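J.: Return a 3D structure for these sequence lines:
(2 chains)
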Amino acid sequence: MFMSLYLPISGNAINILLLFGLGGIVGFLSGLFGVGGGFLMTPLLIMAGIPSTVAAASDSNQIVAASTSGTYAHYRLGNVDFKMGILLLIGGVAGGTLGVQLIKVLRAMGNADFVIKVTYVVMLGVIGSYMFVESLQSLRRAAPEARPAAPSKPSVYARLVQGLPWQMKFDKSGVTLSALLPLVLGTFVGILAAIMGVGGGFIMVPVMVYLLRMPMHVVVGTSLFQILFTCINVTIMQAISNHTVDLVLAIILLLGSTLGAQFGVRLSRRLKGDQLKILLASIVLLVMVQILVGLVWPPHLLLGYKGGH
Amino acid sequence: MPGKVNRGWKVWILAGLLVLVLTGSVRAESVSVQVTPDVIEISSFYQGAEIALTGSIPAGYQAVAEVTGPARQERLMRKGRRGPLWMNVGELTVSGAPSLYLVSSSEAGLLTGDSPWGLKALAQRLTLGGQVEDREKAKFTEQFLELKQSESLYGAWPGGLQTSPAEDGRVKVTGKFWLPANVKPDTYKVCLIAVQEGKAAGRQCADLPIKMVGFPALLMTLAFEHAALYGILAVVIAIVTGFIMGYLFKGGGGH
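T.: The predicted model follows:
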């Protein structure tokens, strides 16, 4: 109980150092990989005793700070592709709006909670496994630097992408592709992010690397830029419609996370792209296993409060 | 109408006198109770609070003390197995459940068996509804009590009250309760009951208001009454902090 602070929206007292530490760890990963960290922070906060709805909403608020700090740091390093980021953001907002409607329907049908968890397991499992295997192969081949974009022979996907209209050159990322691609992929990630209640960075990063063929260091900065705006929108919406944003909780978390993000950004420059990807893949797979165990393991109590997920 | 009201009063007064005669020697005023502190304030550093109960009962009686929150209907999800996976399989409601129920007694036996106090007695007063079959109700009532106990909102301490002879020939009763940090602001009741042969012979209650003050109260008002402003403020604070932290680390670079 030492050094505890009362969180009025959460309706409980939680240790300040614990929250600061959680913020620091997640912020570090955020700066390192360009992910918001929502998929890690929300479950950790629930474990610390915060109601799940408050945990998800306050987490969005703290991601705003961490991604501001991260975007700023990456911007100074020249790692933000604003053109790509804005296109992804437009798609993300459209997809997010669609996803919110979808989740409303799912909730009305019951068991939205289950759908959310299964989506987590599938998405984290697929992305984590693919990234892990791909990065491992890449490391074994001992490629000298972060992979350049173009594959040696044009795949079906590459030919399909080249055939799309509105081809556009993205100088910062060093790629030329159709403006439709980031819009469509942004929409897809937006839908998934809304269903899963996260910023979507951990889906966006692999999408940028594997489907948009962007170099890893630009991916991280651009992803943070996109997450920043997604989470601003989510925080204001949650505050207005659900009153679940706990400002005190968010401030403690964001002090920890902004500090952690800076160290993450520094380390990200010292690691190779494949090393970063394999680390992120391992964390994604670990979270996936934790959620899967929660789905398969018999719960201690067969009752839970309605409204949380 | 006035005639009807007068007749109604007379019936109530007669019934009251009859009850007094039938219940015998112990009158309601023969139990006294005091709670310290008499108001709990939830401020920024509230981590739960201990309340001390002091009271007196007639000599030869035993004591039970209860701290109770207002009853409300709770909405819960029941979990079940579908294939290899555990998921929410239905909604159920629990009516008549106090938001807080802490009970203590001078003798351990007062809260067990068919006693009208304690968690077992409380379970009998709960009504389960929704997607639950009759044969499952006992199991889910038990689960509900376990859920509340895991949050420290329900608890029983048989034999937790101390009794000692008082100077006026009566019995002094003292006890302590811990109110957890997750209690909601509301008015709670602290009751001391004089018990004879397992039955309540007298009872006295005191109100215990729990209210939010200072910064938490201000934040709650802002969050619920000026939600848009609160949301924008939350975002602005986050962006400014992010920039400040980014600026502070500017020299460090990462090149």
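
J.: Smallest distance to chain B belongs to which residue of the stretch 51-200 of chain A?
T.: Going by Cβ to the nearest Cβ, chain B is nearest to A:T68 of the stretch 51-200 of chain A, at 2.8 Å. Every C-beta, even on glycine, is put in place using the N, C-alpha and C of the backbone.

J.: The strand or helix carrying that residue: how far from the chain's middle?
T.: Element membership of A:T68 [criterion: DSSP states H and E] is helix A:52-76. Chain-centre distance of helix A:52-76: 10 Å, with Cα atoms, centre = their mean, to the nearest Å.

J.: Stretch B:206-213 too?
T.: 12 Å.

J.: thinking again about what came up before, give me the helices and strands touching the helix holding A:T68, please.
T.: When contacts are defined as 3 or more Cβ pairs under 8 Å, 6 or more residues apart in numbering or on different chains; DSSP states H and E, helix A:52-76 sits against helix A:16-33, helix A:38-47, helix A:216-241, helix A:247-270, helix B:227-248.

J.: A:M84: which of those helices is closest?
T.: Distance to A:M84, taken as Cβ to Cβ, is lowest for helix A:216-241 among those, at 5.6 Å.

J.: same for that closest one, what does it pack against?
T.: In this structure, helix A:216-241 makes packing contacts with helix A:52-76, helix A:82-109, helix A:180-196, helix A:201-206, helix A:247-270, helix A:273-296, helix B:227-248, judged by 3+ Cβ pairs under 8 Å, 6+ apart.

J.: Dump these to TSV, plus mean neighbour count and mean pLDDT.
T.: Converted to TSV, the helices and strands packed on helix A:216-241 look like this (neighbours: other Cβ atoms under 10 Å in any protein chain shown; pLDDT from 0 to 100):
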stretch	mean neighbour count	mean pLDDT
helix A:52-76	29	83
helix A:82-109	19	81
helix A:180-196	23	83
helix A:201-206	27	80
helix A:247-270	24	85
helix A:273-296	18	84
helix B:227-248	19	89
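
J.: one step back: could you find the closest non-adjacent residue to the residue of the stretch 51-200 of chain A closest to chain B?
T.: Sequence neighbours aside, B:G242 is the residue nearest to A:T68 in space, at 2.8 Å (criterion: Cβ to Cβ, 6 or more residues apart in numbering or on different chains).

J.: Wait, that neighbour touches A:Q62, no?
T.: No. Between B:G242 and A:Q62 there is no contact under Cβ atoms under 8 Å: 9.6 Å.

J.: Name the residues contacting each of these two.
T.: The contact sets of B:G242 and A:Q62 overlap at A:L254 (Cβ atoms under 8 Å, 6 or more residues apart in numbering or on different chains).

J.: returning to that earlier point: ok, the residue of the stretch 51-200 of chain A closest to chain B to B:G231 distance?
T.: Distance, A:T68 to B:G231, using Cβ to Cβ, to the nearest Å: 16 Å.

J.: Would you mind measuring from the residue positioned nearest the centre of chain A to A:C231?
T.: With distances taken as Cα atoms, centre = their mean, A:G201 lies nearest the centre of chain A, 2.6 Å away. Distance from A:G201 to A:C231, counting by Cβ to Cβ: 10 Å.

J.: Show me where chain B has its helices.
T.: Remark: helices assigned in chain B by DSSP state H are B:2-23, B:119-125, B:137-150, B:214-225, B:227-248.

J.: Determine which stretch of these is the most buried.
T.: Among those, helix B:227-248 has the highest mean neighbour count (mean count of other Cβ atoms under 10 Å in any protein chain shown), at a mean of 19.

J.: picking up where we left off before, Serialize the helices and strands packed on helix A:52-76 to TSV and add fields for distance to B:L153.
T.: Compiled in TSV, the helices and strands packed on helix A:52-76 are given as follows (distance: least, Cβ to Cβ, whole Å):
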stretch	distance to B:L153
helix A:16-33	22
helix A:38-47	18
helix A:216-241	26
helix A:247-270	21
helix B:227-248	28
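
J.: so which of those helices comes closest to A:Y210?
T.: With Cβ to Cβ, the closest approach to A:Y210 among those belongs to helix A:216-241: 10.1 Å.

J.: I'd like the mean pLDDT over the closest one, please.
T.: Helix A:216-241 shows a mean pLDDT of 85.

J.: Show me which positions of that helix end up buried.
T.: Residues of helix A:216-241 classed as buried: A:216-239 (neighbour count, 16 or more other Cβ atoms under 10 Å in any protein chain shown).

J.: go on, stretch A:121-128?
T.: With burial defined by 16+ other Cβ under 10 Å, the residues of stretch A:121-128 counted as buried are A:V121, A:M123, A:L124, A:G125, A:I127, A:G128.

J.: mind listing what B:Q47 touches?
T.: If you count contacts by Cβ under 8 Å, 6+ apart, then B:Q47 has A:M1, A:S4, A:Y6, A:A13, B:A181 around it.

J.: make it 10 Å
T.: B:Q47 makes contacts with A:M1, A:F2, A:M3, A:S4, A:L5, A:Y6, A:N12, A:A13, A:I14, A:N15, B:P180, B:A181, as judged by Cβ atoms under 10 Å, 6 or more residues apart in numbering or on different chains.

J.: go on, B:I40?
T.: By Cβ under 10 Å, 6+ apart, the contact list for B:I40 reads B:46, B:48-51, B:179, B:183, B:185, B:188, B:208-211, B:213.

J.: How about A:Y130?
T.: So A:Y130 contacts A:P206, A:Y210, A:K277, A:A281 (Cβ under 10 Å, 6+ apart).

J.: Pull the most distant pair out of those.
T.: Top of the distance list for those (Cβ to Cβ): A:Y210 and A:A281, 12.1 Å.

J.: Can you check which residues contact both of the two?
T.: By Cβ under 10 Å, 6+ apart, A:Y210 and A:A281 have these common neighbours: A:I127, A:Y130, A:M131, A:E134.

J.: If anything else comes up later, I'll come back, but that's it for now.
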